[in-house]
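**Student:** Below are the sequence and a predicted model for it; my questions follow.
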Amino acid sequence: MPFRPLRRRWAKRPWVAAAALLGLLAITLGVAVALVVQRWEAAAGATSAGDAGAAGSNSGALLTATLYYVTEDGRALTRQETFVPLEADPLARARAVVEQQLTPPPSPLLSPFPTGTSLRAIYLADDGNAFVDLSEDVTTGHPGGSLDELFTVYALVNALTVSVPEIVAVQIMVEGREVDTLAGHVDLRQPLEPSLVWVLDDEVLENPDGPDADDPAGEPLGDEAGGNLGPEGDDRT
């Protein structure tokens, strides 16, 4: 059988060549469209992820946190408001509040925590109990007085329960372990609910002469001196 050049075969069948060309163009167009769609979907996915991340951090919104520091005379706690990032996750909010509470207060207020105390970890149970793990500085550097220990414990308990509504009670841990007390006075073997017994009220804070201006002898503060240190006979001190 004699050999026939391929070109001559195509020449005799022009419709075959046209069909092949159209098929090639269709394949090329399909690939191009698929690439465009793939790139569009990838861009849309990246935008959605970015929007979700922004929503999780509330786009830079701030939470008003209430912190507690010791008054200049060392005889009560006082409230101070500050701002921390408003996170959707209550655990993240709690961490921000604790870290802020451990920072030095504005003068002339005093920190209820020994120098160097830091947050190691924080956990939040489904029942609203928070477990705050602090560094050993909170015990090794503690002055040891019963009132000082109360200030340390309830500054943290109050700051968390007031600033993070999901938290109802707080248990303090040290170096990853449960402890009986920080300095021998306040029982820390279970989560503690908030108490404002040792917190001065706003009326006292507005007194420029201080809560004990009329008490030069240094007698313990009570209702007579304008303080709000709780009911008489409280045995938690």
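**Tutor:** Thanks, I have it.
**Student:** hey, where'd the helices end up in the protein?
**Tutor:** 6-12, 14-56, 90-101, 137-140, 146-163, 202-205 (DSSP state H).
**Student:** any idea which of those scores lowest on pLDDT?
**Tutor:** Lowest mean pLDDT within those: helix 202-205, a mean of 45.
**Student:** Quick one: neighbours of R189, just the number.
**Tutor:** 10 (other C-beta atoms under 10 Å). Yep, even glycine has a C-beta here, placed from its N, CA and C like the rest.
**Student:** let me fix that: V97
**Tutor:** For V97, using other C-beta under 10 Å, the count is 24.
**Student:** Verify the stated contact: it with T161.
**Tutor:** No: at 10.0 Å, V97 does not count as touching T161 under the criterion of C-beta atoms under 8 Å.
**Student:** any idea how far P105 is from P191?
**Tutor:** Counting by C-beta to C-beta, to the nearest Å, the gap from P105 to P191 is 25 Å.
**Student:** Hmm, L77 and T71 touching each other?
**Tutor:** Yes: T71 is within contact range of L77, at 7.3 Å (criterion: C-beta under 8 Å).
**Student:** shared neighbours of these two, anything?
**Tutor:** Counting by C-beta atoms under 8 Å, 6 or more residues apart in numbering, the contacts common to T71 and L77 are L200.
**Student:** Could you check which of those two is surrounded by more residues?
**Tutor:** With neighbours defined as other C-beta under 10 Å, T71 and L77 compare such that L77 has more, 24 against 20.
**Student:** how close does L196 get to Q80?
**Tutor:** 14 Å.
**Student:** and what of D89?
**Tutor:** Using C-beta to C-beta, we find D89 at a distance of 24 Å from Q80.
**Student:** Of the two, which one has the most company?
**Tutor:** The neighbour comparison of D89 against Q80 (other C-beta under 10 Å) goes to Q80, with 17 against 12.
**Student:** pLDDT at that one, what is it?
**Tutor:** For Q80, pLDDT reads 95.
**Student:** same deal with E206?
**Tutor:** E206 is given a pLDDT of 39.
**Student:** now do A65
**Tutor:** Confidence at A65, expressed as pLDDT, is 95.
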